[in-house]
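Undergrad: no sequence on this one, just coordinates:
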């Protein structure tokens, strides 16, 4: 089945620790995205990547880092510099930035900082 | 800067009712608009995608319309069922890099 797989589903972190959220897609999509969802705030874009080895900051990139070494993978690291990391993180992909295509989402990862 | 508004934030209807969910956006220069469904604690499921050149799209009991000039889209749900209870979000693509601007969603409850 084609789709987007995010792991882990739930993650607990102590303050000061970095954590990495995994996102893998087998849809052969060029573009991948990371969003953060907080209650009452809607989805906000953290980072996006239009092609392998290239990525751009979104609206709230501070305290986060990403890499795009393979087409199918776009991991997100939440660093200790992120002041309020507790949130629901969603990974998405689309066919490509040149095509006004449909966006598909994974099931999300919920990060809680203790 | 594009802004997307969905009002009301929550809606409760009895089963069987036909209903309309509204989405408005401030900049009419869009590439497409997408409607999503989100169940509690889950990711977003794409329902319908309307390109800027289209007026509407249909899938089963769902019909989405787009009026770019007035900055509005509606999602029509026919014969609502308890299983339709979820949060419905609209998102507008205003740029060539497919960055979307999301509304905050409408939480729908369909009462048996």
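TA: Arrived safely, thanks for sending. In this text the structure is predicted, and so the values were computed from the model without any measurement.
Undergrad: For the rest of this, base every contact and every neighbour count on C-alpha atoms.
TA: OK.
Undergrad: how about stretch B:38-46, does it reach chain A?
TA: Yes: for stretch B:38-46, a contact with chain A is found by CA under 8 Å from any CA of the partner chain, at B:41, B:42, B:43, B:44, B:45, B:46.
Undergrad: give me every residue that touches the last one.
TA: Residue B:46 is in contact with A:102, A:103, A:104, B:34, B:35, B:36, B:37, counting by CA atoms under 8 Å, 6 or more residues apart in numbering or on different chains.
Undergrad: Phi first, then psi, for the residue nearest the centre of chain A.
TA: By CA atoms, centre = their mean, chain A has its centre lying nearest to residue A:34, at 2.8 Å. Backbone torsions for residue A:34, taken as degrees, to the nearest 10, come to phi -120, psi 130.
Undergrad: can you tell me which residues contact it?
TA: With CA under 8 Å, 6+ apart, residue A:34 has these contacts: A:45, A:46, A:47, A:48, A:76, A:89, A:90, A:91, A:92.
Undergrad: residues near the first one, how many?
TA: Here the neighbour count serves as a burial measure; for residue A:45 (other CA atoms under 10 Å in any protein chain shown) it reads 21.
Undergrad: quick revisit: between the residues of stretch B:38-46 next to chain A, which sits nearest residue B:20?
TA: Residue B:20 lies nearest to residue B:46 out of these, by CA to CA, at 17.5 Å.
Undergrad: any idea which helix or strand carries the closest one?
TA: strand B:44-51 (DSSP states H and E).
Undergrad: strand partners of that strand, parallel vs antiparallel please.
TA: strand B:32-38 (antiparallel) (DSSP bridges).
Undergrad: what's the strand it pairs with in contact with?
TA: A:100, A:102, B:44-52, B:66, B:75, B:86-94.
Undergrad: Show me how far it is from its chain's centre.
TA: 5 Å (CA atoms, centre = their mean, to the nearest Å).
Undergrad: Around chain A, which positions in chain B sit nearby?
TA: Within chain B, the residues that sit near chain A (CA under 8 Å from any CA) are B:31-32, B:34, B:41-46, B:49, B:51, B:93, B:96-98, B:102-105.
Undergrad: re earlier: how far does the strand holding residue B:46 sit from the chain's center?
TA: That offset, for strand B:44-51, works out to 8 Å (CA atoms, centre = their mean).
Undergrad: Brilliant, that's me finished.
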